Structures are given as C-alpha cells and as structure tokens.
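[1] Sharing a model that was predicted from the sequence below.
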Amino acid sequence: MMFPQSRHSASSQQLKFTTSDSCDRIKDEFQFLQAQYHSLKLECDKLASEKSEMQRHYIMYYEMSYGLNIEMHKQAEIVKRLNGICAQILPYLSQEHQQQVLAAIERAKQVTPPR
C-alpha cells in the first residue's frame with residue numbers, strides 16, 4: 001500500500017515543480033515581451049517625431065518654393081514691361097544710342113534666356 005501513496009506524492013511534487021517552472025517561464029516571456037513592446041514604442045515615438053519634423057520641413061520648402069515661383073513671375077512681368085518701355089523709347093534715340101541699347105538688350109537676353 002505504501003508504494004501507490006509514494007507514487008502519488010512524487011507525481012504531485014513533479015506537478016508543483018512543472019507549474020512553478022511554467023509560471024517562471026511565462027513571467028520571463030512576459031517581461032521579455034514587455035521590454036520588446038517598450039523598445040518598439042520608443043522607436044515608434046522616434047519615427048513619429050521624425051515624421052513631424054519631415055512634414056515641417058516639407059511645408060517650409062513648399063512655402064519657399066511657392067514664394068520663389070511668385071517672385072519669378074513678378075520678375076518676368078518686370079522684364080516684359082521694361083522691354084515694352086525700351087521698345088517705345090528706342091525710336092526716339094539717336095542711331096548711336098539705339099545700337100548701344102540693342103546691344104545691351106541682346107546681352108541681357110543671353111544672361112536669362114526666354115522661356
């Protein structure tokens with residue numbers, strides 16, 4: 001009769017060890033997952049911060065590009081008006097001055113080719 005009782009006792013002891021061991025493994029795995037989650041959360045926060053910074057730069061460059069485009073249109077309008085003024089005044093100049101003005105206009109066209 002002693003034999004079955006000791007067998008039951010050994011089985012119970014092994015079960016306790018296995019349960020305790022399983023709990024420790026679960027606890028370790030949970031801590032590992034928690035550390036991994038924390039690491040991924042930090043990386044996600046860093047990426048979100050970088051995204052915000054990139055969006056800020058994009059907006060800044062977009063505004064600069066838009067402003068530059070407007071400025072180029074203004075300059076093109078100024079050039080057009082100055083060309084018109086030169087064309088109106090040119091006939092009233094002496095032949096020598098007309099040649100100088102035409103040469104200056106040609107030099108200006110070489111600096112900024114027409115679009």
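    Yep, it's here. Note that the structure is predicted; figures quoted are calculated from it, not measured. Residues are numbered from 1 along each chain as shown.
[2] ok, the residue nearest the centre of the chain - contacts?
    Note on the chain: the residue nearest the mean C-alpha position is residue 54, at 3.0 Å, using Cα atoms, centre = their mean. For residue 54, the contact set (Cβ atoms under 8 Å, 6 or more residues apart in numbering) is empty. Any C-beta I mention is one placed from the backbone N, CA and C, and that applies to glycine too.
[3] One more: residue 93?
    Residues counted as contacts of residue 93 (Cβ under 8 Å, 6+ apart) are residue 101.
[4] picking that back up, would you mind stating the distance between the residue nearest to the centre of the chain and residue 61?
    10 Å (Cβ to Cβ, to the nearest Å).
[5] likewise residue 25?
    Applying Cβ to Cβ, the value for residue 25 to residue 61 is 53 Å.
[6] And for residue 55?
    Separation of residue 55 from residue 61 (Cβ to Cβ) stands at 11 Å.
[7] Then residue 79?
    Residue 79 sits 26 Å away from residue 61, going by Cβ to Cβ.
[8] neighbour-wise, which of these two wins?
    Between residue 79 and residue 61, counted using other Cβ atoms under 10 Å, the more crowded position is residue 79 (14 against 10).
[9] Quick check: which element contains the more buried one?
    Here residue 79, judged by DSSP states H and E, is contained in helix 2-89.
[10] For residue 108, list the residues it contacts.
    No residues are in contact with residue 108 under the rule Cβ under 8 Å, 6+ apart.
[11] Look up how far residue 94 lies from residue 55.
    60 Å.
[12] Give me the next element, helix or strand, following the helix or strand bottoming out on mean pLDDT in the chain.
    When each helix and strand of the chain is scored by mean pLDDT, DSSP states H and E, helix 2-89 comes last, with a mean of 88. Counting by DSSP H and E, the next helix or strand C-terminal to helix 2-89 is helix 95-111.
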